[in-house]
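> Sequence and computational prediction follow.
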Amino acid sequence: MPIIGRYIVRRMARLSQGDIYRNVTIVEGEYPDNLDQTLFAYSVLLSQDCDLQQDWDANLELMKLTSTDIKERRKLEDKLLRHLILAPCYVAEAFKDGIHIKERYMQTWNTKEMEKQIKANKHIRYHFLPSEPGLQEQNLVVDFKHYFSIQRDQFYELAKRRGKFEYVCSIAVLYREALSKRFGDYLSRIGFPNGDELMSSTKIFKEPGSDA
């Protein structure tokens with residue numbers, strides 16, 4: 001049985017879910033005096049690939065239309081994306097030692113925890129991306145909790161400019177679907193109240209006519 005590689009190099013111009021980038025920077029804060037730049041050494045694109053495809057195709061078709069083609073523009077502009085969703089990928093060695101975010105004191109992980117929880121993808125918050133020589137040279141840990149967005153047009157524009165950030169490779173489809181599924185599971189998790197919170201809510205929302 002042939003071995004299916006975990007990573008591929010994207011040949012098409014449009015972005016793809018599972019793209020891994022190096023040195024993506026986002027700007028946050030209030031303009032113009034309170035702006036901060038955050039640099040992510042590695043990040044992965046999490047936006048759904050079908051949405052990325054529809055957005056790309058719609059943009060190509062819109063280029064052929066005039067400003068008077070209102071009916072067609074309505075159909076196409078409804079498919080456009082405004083923002084893209086990415087998540088940071090931290091280098092596993094730095095993540096293990098809790099030094100992957102310099103301005104914060106982050107949790108540390110011992111070797112057993114890294115093997116059984118992080119590398120085995122047993123922790124719902126994290127997804128492990130192992131290195132692959134020639135494509136993805138670092139062991140990376142995706143942190144779903146730290147996901148961020150960036151304007152679609154801005155990202156495409158920056159992707160054209162050399163030196164802004166670097167495309168590394170893309171996660172192959174089967175592995176990409178696993179990443180997407182786990183991100184969806186993380187966002188859809190339900191937090192149940194602890195015992196004290198449950199008792200408090202029971203007292204507040206007691207049924208009409210029940211004793212105090």
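All right, it came through fine.
> what's the weakest-modelled helix or strand in this protein?
helix 195-204 (a mean of 56; mean pLDDT, DSSP states H and E).
> so which helix or strand takes in Q37?
Element membership of Q37 [criterion: DSSP states H and E] is strand 34-45.
> Give the buried residues for the next helix or strand along the chain from that strand.
Following strand 34-45 in sequence order, the next helix or strand is helix 49-62 (DSSP H and E). Buried positions in helix 49-62, judged by neighbour count with 16 or more other Cβ atoms under 10 Å: 49, 52-56, 58-59. Where you see a C-beta, it was placed from the backbone N, CA and C, and this is true even at glycine.
> now stretch 137-155
Neighbour counts using 16+ other Cβ under 10 Å place 138-144, 146-148, 150, 152, 155 of stretch 137-155 among the buried residues.
> again, but for stretch 75-82
Neighbour counts over stretch 75-82 (16+ other Cβ under 10 Å) mark 76, 79, 81 as buried.
> JSON lines for those, including pLDDT, secondary structure and distance to E30?
Below are the buried residues of stretch 75-82 laid out as JSON lines (pLDDT from 0 to 100; DSSP: H, G, I helix; E, B strand; the rest coil; distance: Cβ to Cβ, whole Å):
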{"residue": "L76", "pLDDT": "94", "secondary structure": "helix", "distance to E30": "34"}
{"residue": "K79", "pLDDT": "95", "secondary structure": "coil", "distance to E30": "32"}
{"residue": "L81", "pLDDT": "97", "secondary structure": "coil", "distance to E30": "25"}
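> Flag the shaky bits of the chain, pLDDT-wise.
In the predicted model, the chain carries pLDDT under 70 at residues 1-4, 32, 162-163, 194-212.
> Please, where are all the helices along it?
With helices called from DSSP state H, the chain shows them at 49-62, 70-77, 92-96, 111-113, 152-160, 173-187, 195-204.
> Tell me how many other residues crowd S43.
Counted with other Cβ atoms under 10 Å, residues neighbouring S43 total 27.
> how close does it get to H100?
Going from S43 to H100 by Cβ to Cβ, to the nearest Å gives 13 Å.
> same check, this time on S149
Applying Cβ to Cβ, the value for S149 to H100 is 21 Å.
> same deal with Q138?
Q138 sits 12 Å away from H100, taking Cβ to Cβ as the criterion.
> One more: K122?
In terms of Cβ to Cβ, K122 sits 19 Å off from H100.
> contacting residues around stretch 112-123?
Stretch 112-123 has contacts (Cβ atoms under 8 Å, 6 or more residues apart in numbering) with 92, 95-96, 109, 126-128, 130, 141, 182.
> Stretch 16-36 too?
In this structure, residues lying in contact with stretch 16-36 by Cβ under 8 Å, 6+ apart are 7, 10, 37-49, 52, 86, 89, 129, 136, 140, 148, 150, 164-173, 175-176, 179-180.
> Is it possible to mark the buried ones in those residues?
For the contacts of stretch 16-36, a burial check counting by 16+ other Cβ under 10 Å picks out 7, 40-47, 49, 52, 86, 89, 129, 136, 140, 148, 150, 165, 168-171, 175-176, 179-180.
> No more questions from me, cheers.
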